[in-house]
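> Structure for this input, please:
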Amino acid sequence: MAHHFEIYKDKAGEFRVRFSYNSEVMFSTQGYSSKESAKNAIASIQKNGPGAETVDNS
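Purely as a prediction, here's the structure:
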């Protein structure tokens, strides 16, 4: 599997999402109190991510 979203529980018991590509974690989200909220975050990234602009603050 070249890339995937993973829902996991952190040490505080919150649900988080991380996205991995070629076994490297590219990003992870904030903590969510429910798994459903984590799933909603994935759906939002999939829907809105492709059209998001890049802001270069360097």
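
> Next, the buried residues of stretch 43-57.
residue 45 (16 or more other Cβ atoms under 10 Å). Where you see a C-beta, it was placed from the backbone N, CA and C, and this is true even at glycine.

> need the contact list for residue 42.
By Cβ atoms under 8 Å, 6 or more residues apart in numbering, residue 42 lies in contact with 5, 7, 17.

> The second one and residue 16 touch, don't they?
Which is residue 7. Yes. With contact defined as Cβ atoms under 8 Å, residue 7 reaches residue 16; the gap is 7.4 Å.

> re the thing from before, nearest to residue 47, of the contacts of residue 42?
Nearest to residue 47 among these, counting by Cβ to Cβ, is residue 5 at 13.2 Å.

> For burial, what's the neighbour tally of the closest one?
Around residue 5 there are 16 other residues, counting by other Cβ atoms under 10 Å.

> what about residue 26, which SS state?
For residue 26, the assignment made with DSSP: H, G, I helix; E, B strand; the rest coil gives strand.

> Point out where the chain drops to low pLDDT.
Applying pLDDT under 70 to the chain picks out residues 1.

> all helices for it, in order.
With DSSP state H, the ranges of helices along the chain come out as 35-48.

> What is the neighbour count of residue 40?
13.

> from the contacts of residue 42, which single one is nearest residue 55?
Ranked by distance to residue 55 (Cβ to Cβ), the contacts of residue 42 are led by residue 17 at 21.5 Å.

> what's near enough to touch the nearest residue to that closest one once chain neighbours are set aside?
Once flanking residues are discounted, residue 17 sits nearest to residue 29: 4.5 Å by Cβ to Cβ, 6 or more residues apart in numbering. For residue 29, the contacting residues are 16, 17, 18, 38, 41, by Cβ under 8 Å, 6+ apart.
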